[in-house]
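# Build me a model:
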Amino acid sequence: MDRRNVTIKDIALKTGVSKSTVSRVLCNDVHVSPETREKVLACAKELDFEPNYFAKALKTQRSKTIAFFVPNIEVMIYPAIIQAIEDETLKRGYTILLCDIQENKEIAKEYIRKLKSGNVDGFIFATAFWNEKDNEEILEAKETGLPCINLLRTDDSKTPSVCLDNAKGSEMAVNYLVSKGRHRIAYLQGQEELKLYRDRYKGYLDALKKNNLAYDEKLVWHGIENANVVVSRELTRVLNEGIEFDAILCSSDNLAVATVHTLSQLGKTVPGDVAIIGYDNVPISELLVPRLTAISQPFKEMGRKAVNVLVDMIEGKLNDNEKSYIFDPTLIERDTVI
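Sure, this is the predicted structure:
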């Protein structure tokens, strides 16, 4: 067998154990029996499985490097996450290898192919803006036998994840608007194929119901991607049609910024005529005039958690490899709601 094509699946089939067990052995997990460990390592040696990584597993040595995949480093949510992850990896005695894949899955796969022979000890995937079923790169990374973790997203790969309770954030926003006397609350939805946006929309619907507010399909605008162009078009349309609303919950801060700008151009005041709440609380929220009220994600805390879970997996201290760690959002009160 060509060693370059040997995977943990081959070792699992030959030894009669599961792929996850093979992965745990190669990651030096202490929860595997000595007999199973010996059998798996002997098979790996026989098949010449990734000799660089295998040698490290035998000697309990590691590269002390973690690969961190981001879809686009210029997206405003990532700087705080990157800083937190870099700080935490250093505290744990590791370094971070930042992989900016430029929203290109082929680049992600190429990174994995180059890194899987022992150059890194594990992977963090912060690819929140990909569909949860679109996880080929994560499955390929898991085939290396190296630990993986999702950050800001969940998917169908049964990979542990650190993410936000996105529905709860929308519920908090609607409840806050109602407490301020707003009852015609519109909703600007992001890309519907992404689970995080579907969850945020679900939170909006649940909050309407809990507050005895009727759902009005005319107040919900779906699938908005090109914020400035589409927000301008949609808001112009609904105002021309005489559709009344006194607040807008935006599923991202990017949409909220475009909304504040467009309403100003259309002669509406914020927050006098229309209250606005954004989602994510990226740095521009504080700089906008008026300053943006927003649902905030604890990016730094989630980044630190992802590092610690992954390092514990690498070092064999954690065996729960499908668990989700859900963080609560907070509401940051500023000037776009009164």
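
# Which of the helices or strands spans the residue of the chain positioned farthest from its centre?
When each C-alpha in the chain is compared with the mean C-alpha position (C-alpha atoms, centre = their mean), residue 46 comes out farthest, at 38.6 Å. If you go by DSSP states H and E, residue 46 is part of helix 34-47.

# Equivalent analysis for residue 23, please.
helix 19-26.

# which one is residue 264 nearest to, not counting chain neighbours?
Using C-beta to C-beta, 6 or more residues apart in numbering and skipping residues adjacent in sequence, the residue nearest residue 264 is residue 270, 7.1 Å away. Quick note: C-beta positions are derived from backbone N, CA and C, even for glycine.

# quick one: that neighbour and residue 278 touch, right?
No. Using C-beta atoms under 8 Å, residue 270 is not in contact with residue 278, being 11.6 Å away.

# Just say helix, strand or coil for the closest residue in space to residue 276 that isn't next to it in sequence.
In space, and not counting its chain neighbours, residue 276 is closest to residue 336: 4.2 Å by C-beta to C-beta, 6+ apart. Under DSSP: H, G, I helix; E, B strand; the rest coil, residue 336 falls in the coil class.

# ok, residue 336 to residue 176 distance?
For residue 336, the distance to residue 176 (C-beta to C-beta, to the nearest Å) stands at 11 Å.

# So the two - more neighbours on which side?
Looking at residue 336 and residue 176 with other C-beta atoms under 10 Å, you find the greater number of neighbours at residue 336, namely 25 against 20.

# Residue 235 belongs to a strand, doesn't it?
No. Residue 235: not assigned to a strand; according to three-state DSSP it is helix.

# OK, contacts around it?
Residues near residue 235 by C-beta atoms under 8 Å, 6 or more residues apart in numbering: 259, 262, 263, 266.

# Also residue 160?
Going by C-beta under 8 Å, 6+ apart, the list of residues near residue 160 reads 148, 149, 150, 309, 313, 320, 321, 322, 323, 324, 325.

# In PyMOL, how would I select just the buried ones from the residues you listed?
To isolate the buried members of those in PyMOL, using 16 or more other C-beta atoms under 10 Å:
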select buried, resi 148+149+150+309+313+321
